[in-house]
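Peer 1: Structure of the sequence below:
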Amino acid sequence: MNPISKLEDKFSFECIDSPDTRKEALKDAISMMKEYVKMDHSVAVLSDLADNKSYIFTGDFGRFFEMDISGYLTIDSIWEEDIYQRIHPEDLFERHLLELEFFNFLKTLAPEERLSYATKCKIRTLNAKKEYQRILHRSFYLKNSSEGGLWLAVCLYNYLFEKQTTATGIDGKIVNTKTGESFHVDTYVNCINLLTLREKEILLLISKGEISKGIAAQLNISINTVNRHRQNILEKLQVNNSIEAVRTADALNLL
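Peer 2: Numbers count the residues shown, from 1 in each chain. Prediction:
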């Protein structure tokens, strides 16, 4: 059985109803991930989307990232920036698009079905010799929140145990880990309605160099409304600034 499937069997669909239940579920997940990386030899990042924290566990693959493999690290972010900095910028961007498509694909499914899917891709990453080497990246979700949203996310990094190819891109896939079915992600159909028409209007004006005051005047809305839309855009596209938002929306064919 796929190691991810084994892990998901232990964390089948469950809504977390109370702080105590959530705390206990997180404790169990941390304990499970400690053991998982020993078996899979991977680096695993367990992200708590509700608390904006991540727990980084290092199996033997931690040596690739020059990490201490004796324990785990807690960071106040759901983004593992130290790892991201080693990934080739083009591959990091493509992986971000894959994760956006995955997240929005899962939202089309019933909560109990979401935990049966994962992503898989190949990304160029700097090794200890500071040379780019393709490695395997996988991601999936372990738990839903009490509201039926996605709560605990896992990213896995490991060696790519297959023949190297000259193919370009990250070869991103979404996989059903229970059936083995998979499909390539080369279009982003589940992101097509990610932004509202108004948000698209505002982002298009931002792409043309307009500032909030000018956008407000052109659309006959308040600056506060523009800024609220700008913040919503950043959150939906999971980016840090308007430049990243424009680039991401353009790649998703939203503009």
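Peer 1: Output the longest strand belonging to this protein.
Peer 2: Of all the segments of type strand in the chain, defined by DSSP state E, the longest one is strand 132-145.
Peer 1: can you pull out the helices in this protein?
Peer 2: All helices of the chain, identified by DSSP state H, fall at 3-10, 19-40, 81-84, 89-106, 111-114, 197-207, 212-219, 223-237, 242-251.
Peer 1: can the ones you listed go into TSV with extra columns for distance to His184, mean neighbour count and mean pLDDT?
Peer 2: For glycine as for every other residue, the C-beta is placed from the backbone atoms N, C-alpha and C. Converted to TSV, the helices of the chain look like this (distance: least, CB to CB, whole Å; neighbours: other CB atoms under 10 Å; pLDDT from 0 to 100):
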stretch	distance to His184	mean neighbour count	mean pLDDT
helix 3-10	19	16	53
helix 19-40	24	15	90
helix 81-84	23	13	91
helix 89-106	10	19	96
helix 111-114	20	16	90
helix 197-207	26	18	97
helix 212-219	37	16	96
helix 223-237	22	16	97
helix 242-251	16	18	96
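Peer 1: Just put those in CSV and tack on distance to Lys120.
Peer 2: Below are these laid out as CSV (distance: least, CB to CB, whole Å):
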stretch, distance to Lys120
helix 3-10, 9
helix 19-40, 14
helix 81-84, 17
helix 89-106, 9
helix 111-114, 16
helix 197-207, 30
helix 212-219, 40
helix 223-237, 22
helix 242-251, 20
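Peer 1: And these: which comes nearest Leu160?
Peer 2: Leu160 sits nearest to helix 89-106 of all those, at 12.5 Å, using CB to CB.
Peer 1: Give me the contacts around the closest one.
Peer 2: By CB atoms under 8 Å, 6 or more residues apart in numbering, the surrounding residues in contact with helix 89-106 are 84, 87, 114, 117, 119, 121, 123-125, 137, 139, 141, 150, 169-170, 172, 174, 185, 188-191, 194, 237-238, 247-248, 251-252.
Peer 1: That's all I had, so thanks and see you.
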